[in-house]
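Colleague: what shape does this take:
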Amino acid sequence: MSRARIALTVVTVVALLAAALGGVAAWRGLFSEPSVPSAPDAQPASVTDVVTDLRAPWGLAFQPDGSALVTERDTARILTVQGNSARELTVVDEAEPSGEGGLLGIAVAPAGDWVYVYYTAADDNRIARFRPDQPNARETIFTGIPKAGNHNGGRIAFGPDGMLYAGIGDAGQRDAAQDRASLGGKILRLTPEGAPAPGNPFGATPVYSYGHRNVQGLAWDGSGAMFASEFGQNTYDELNRIEPGRNYGWPAAEGTSTDPAFTNPIATWRTADASPSGIAVGPDGKVWMACLRGERLYTIGTDGGGAQALLRGEHGRLRHVAAAPDGSMWVLTSNHDGRGSPAPGDDRILRLTV
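Modeller: Next up, the predicted model:
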């Protein structure tokens, strides 16, 4: 066989592989490394159980008195955690858990006067709120978020500007992420009452950024910079610095792109090493990122450098991480989510000191 024919054969085979794996983004992935191809292990000073025997906990938010609120995706329960005990606060009966949907994110308003929940209902994903002392008197403030068996997004958090941000998945409709008229594949910025927040980049719409596949982590550092974690498809998971009006590329780009129309992530991982969910900025000023498939917790600088791994393979799938008022970090395991291997005592909240 001639050299020309061999070269043509190789190119054809690689092109077919790229097409099978998802196009141009997968082609790049065959030949390039993520920005975090590996990370050295680091050890926290201590790891202890806060509570055990939970069922697929998903969201975690602290109240002004230091107690925590935790959602369970599949039972639709909200639990109050104080000390080392958890009690049921309420059940969100409107939630209809299925696949990756159910009772998802939770956030407490800065003044502590409202609690917000993101959940999958019969026809959509939606956001409701309630007073802490009236958990059964819920007020729906935002509806119409696309739902599916997966890619439901679900993380909500208050930013330093007092506005409510929501990470929205593409609900399996890839092209929706590039359509600014669709809610799918976006980060939304809302007033506490659920209206598009003033100053949003596209006028009277809640869309804050777009081109996302499935955002499941939102956090801000001390300077007010915003970060989001994002599930990739076959090749790269992402940590992005979020700026208003920016296009983060999905589905045309997965990971770093050469297209100037897209904003590149500050860090990327192979999907087997990460599959990131919740994030937080810790007292060390670094981004902490809980990983499901990767079964580890990363810390990484806000410039995308200096990544380290904690808890690698020690506690199974990790759903979320949050900075506690006492300076520790709390981590939710997710071994009862249908994709893990539960151990006795799972699921649990871990408390890490560093």
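Colleague: just the helices from the protein, written as ranges.
Modeller: Assigned by DSSP state H, the helices in the chain fall at 3-21, 24-31.
Colleague: contacts for stretch 256-264 next, please.
Modeller: Outside stretch 256-264, the residues that touch it by C-beta atoms under 8 Å, 6 or more residues apart in numbering are 28, 32, 35, 211, 236, 240, 243, 246-249, 252-253, 265, 268. Any C-beta I mention is one placed from the backbone N, CA and C, and that applies to glycine too.
Colleague: in terms of model confidence, name the weakest of the residues you listed.
Modeller: Lowest pLDDT of those: R28, 42.
Colleague: related to what we said a few turns ago, taking the contacts of stretch 256-264, tell me the two that lie furthest apart.
Modeller: Put simply, by C-beta to C-beta the two of the contacts of stretch 256-264 set farthest apart are S32 and E243, 24.5 Å from each other.
Colleague: which residue, neighbours along the chain excluded, lies closest to G313?
Modeller: Using C-beta to C-beta, 6 or more residues apart in numbering and skipping the chain neighbours, the partner closest in space to G313 is E295 (5.2 Å).
Colleague: distance of the closest residue to R155 other than its chain neighbours from I145?
Modeller: Spatial nearest neighbour of R155, excluding adjacent residues (C-beta to C-beta, 6+ apart): G167 at 4.3 Å. In this structure, G167 and I145 are separated by 10 Å, where distance is defined by C-beta to C-beta, to the nearest Å.
Colleague: which one of these two has more residues nearby?
Modeller: Higher neighbour count among G167 and I145: G167, with 27 against 24, using other C-beta atoms under 10 Å.
Colleague: what residues are bridge-paired with the more buried one?
Modeller: Per DSSP bridges, the residues bridged to G167 are I187.
Colleague: nearest spatial neighbour of the spatially most central residue of the chain, skipping sequence neighbours?
Modeller: Per C-alpha atoms, centre = their mean, the C-alpha nearest to the average position across the chain is that of Q216, at 1.5 Å. In space, and not counting its chain neighbours, Q216 is closest to S277: 4.6 Å by C-beta to C-beta, 6+ apart.
Colleague: relative to E94, how far out is the one you found?
Modeller: Applying C-beta to C-beta, one obtains 23 Å for the distance of S277 from E94.
Colleague: what residue ranges in this protein score low on pLDDT?
Modeller: With pLDDT under 70 as the threshold, the chain has low-confidence stretches at 1-31.
Colleague: try 80 this time
Modeller: Along the chain, segments meeting pLDDT under 80 span 1-32.
Colleague: so what's the residue count around P198?
Modeller: By the other C-beta under 10 Å criterion, the neighbourhood of P198 contains 10 residues.
Colleague: and for the one 10 residues further on?
Modeller: As a burial measure, Y208 scores 26 neighbours (other C-beta under 10 Å).
Colleague: what distance do you get for it to R270?
Modeller: According to C-beta to C-beta, Y208 stands 28 Å off from R270.
Colleague: likewise for Q173?
Modeller: Between Q173 and R270 the computed distance is 25 Å (C-beta to C-beta).
Colleague: also E254?
Modeller: 12 Å.
Colleague: at which residues are the strands of the stretch 51-200 of the chain located?
Modeller: Counting by DSSP state E, counting those that start in this stretch, one finds strands in the stretch 51-200 of the chain at the ranges 57-62, 68-72, 77-82, 85-91, 103-108, 115-120, 125-130, 139-145, 156-158, 164-167, 186-190.
Colleague: who wins for proximity to D179 among these?
Modeller: Closest approach to D179 among these is made by strand 186-190 (9.5 Å; C-beta to C-beta).
Colleague: and that closest one, how far out from the chain middle?
Modeller: Distance of strand 186-190 from the chain centroid (C-alpha atoms, centre = their mean, to the nearest Å) equals 14 Å.
Colleague: and S277 and E94? which has more neighbours close in?
Modeller: S277 (25 against 16).
Colleague: quick one: residues contacting I141.
Modeller: With contact taken as C-beta under 8 Å, 6+ apart, I141 is in contact with Y116, I127, A128, R129, L190, E193, G194.
Colleague: can you pull out the strands in the stretch 201-350 of the chain?
Modeller: Defined through DSSP E, counting those that start in this stretch, the strands belonging to the stretch 201-350 of the chain, from first to last, are 207-210, 215-220, 226-230, 236-242, 267-270, 276-281, 287-291, 297-300, 308-310, 318-323, 329-333, 349-353.
Colleague: out of those strands, flag the one nearest L60.
Modeller: When those are compared by C-beta to C-beta, strand 318-323 sits nearest L60, at 4.8 Å.
Colleague: so what strands line up beside that closest one?
Modeller: Take DSSP bridges as the rule and strand 318-323 pairs in its sheet with strand 329-333 (antiparallel).
Colleague: just the CA trace of the strand it pairs with, in CSV.
Modeller: Written as CSV, here are the backbone C-alpha positions of strand 329-333 (Å, rounded to 0.1, in the frame of the first residue of the first chain):
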residue,chain,number,x,y,z
MET,A,329,-16.1,22.4,54.3
TRP,A,330,-19.1,20.1,54.1
VAL,A,331,-19.4,17.5,51.3
LEU,A,332,-22.5,15.5,50.2
THR,A,333,-22.0,11.9,49.0
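Colleague: if I look at the residue lying closest to G99 once chain neighbours are set aside, how far off is E96?
Modeller: Using C-beta to C-beta, 6+ apart and skipping residues adjacent in sequence, the residue nearest G99 is G149, 3.5 Å away. For G149, the distance to E96 (C-beta to C-beta) stands at 12 Å.
Colleague: those two: who's more crowded?
Modeller: Just comparing G149 and E96: by other C-beta under 10 Å the higher neighbour count belongs to E96, 16 against 12.
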